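Colleague: Quick one: sequence plus predicted model below, questions after.
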Amino acid sequence: MSDNLLSKEELSTPALCGLVADLMLKKGWLLATAESCTGGLISAACTDLAGSSNWFERGFVTYSNDAKTELLGVDAALIAAHGAVSDAVVRAMAQGAITHSKAQVAVAVTGVAGPTGGSRAKPVGTVWFGFMVDGQLSSEVQRFDGDRAAVRLATVQHGLQRLVQLLG
């Protein structure tokens, strides 16, 4: 699929979830989410789709650092060294979602949705994404503009869009 086909302007969140669902079902895989800044919005978007129980396994809402450690097994020292909004932590979150589920695919997100909490190094709108697809771990950072709701929506859409690309 081309990047143009998956532009955020053209595909709604439900349409992206439908594409993820089709790809997951074709592969016979299950999805787990590990969410911080979105507070479960990716899981909610996925489970809004009828039949999602056939491909959506579970979602972890790990808003606090303690939750990341307790539910996903993210090492507290890793969070202390890099901060919760970091490549190292989002990769550990994605791995933890796989380890603590029956899923073959995971998406993890951690970021600064705002309006406060940003810094020079990690301004509001900074979001790290982690993906584990059939044993392959990848990560990336994005910077989204707008208010808290806009950053969270953009995070959901980008996470789903990248899943479609990685599964396709």
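Modeller: Received, thanks. Here the structure is a predicted model, which means the values were calculated and not measured.
Colleague: Which neighbouring elements make contact with the helix or strand harbouring residue 81?
Modeller: Per DSSP states H and E, residue 81 falls inside helix 76-82. Applying 3 or more C-beta pairs under 8 Å, 6 or more residues apart in numbering; DSSP states H and E, we find helix 76-82 packed against helix 65-72, helix 87-99. (C-beta placed from N, C-alpha, C; glycine too.)
Colleague: which one is residue 86 nearest to, not counting chain neighbours?
Modeller: Once flanking residues are discounted, residue 86 sits nearest to residue 128: 6.3 Å by C-beta to C-beta, 6 or more residues apart in numbering.
Colleague: correct me, but that neighbour touches residue 143?
Modeller: No - shown here, residue 128 and residue 143 do not form a contact pair, counting by C-beta atoms under 8 Å, at 10.7 Å.
Colleague: who's more crowded, those two?
Modeller: A direct count of neighbours by other C-beta atoms under 10 Å for residue 128 and residue 143 places residue 128 higher, at 27 against 14.
Colleague: what about the residue nearest to residue 86, which SS state?
Modeller: Assigned with DSSP: H, G, I helix; E, B strand; the rest coil, residue 128 falls in the strand class.
Colleague: what ranges do the helices span in this protein?
Modeller: Counting by DSSP state H, the segments of the chain that form helices are 13-27, 41-47, 65-72, 76-82, 87-99, 148-167.
Colleague: before we move on, the earlier item: how far away from the center of its chain is the helix holding residue 81?
Modeller: 20 Å (C-alpha atoms, centre = their mean, to the nearest Å).
Colleague: Name the surrounding residues that touch that helix.
Modeller: Helix 76-82 is contacted from outside by 65, 68-69, 88-89, 92, using C-beta atoms under 8 Å, 6 or more residues apart in numbering.
Colleague: Restricting to C-alpha, output it in PDB.
Modeller: This file holds the C-alpha atoms of helix 76-82, laid out as PDB (Å, rounded to 0.1, in the frame of the first residue of the first chain):
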ATOM      1  CA  ALA A  76      12.200   1.400  36.600                       C
ATOM      2  CA  ALA A  77      15.900   2.100  36.100                       C
ATOM      3  CA  LEU A  78      15.200   2.400  32.300                       C
ATOM      4  CA  ILE A  79      12.500   5.000  33.000                       C
ATOM      5  CA  ALA A  80      14.800   6.800  35.500                       C
ATOM      6  CA  ALA A  81      17.600   6.900  33.000                       C
ATOM      7  CA  HIS A  82      15.700   7.900  29.800                       C
END
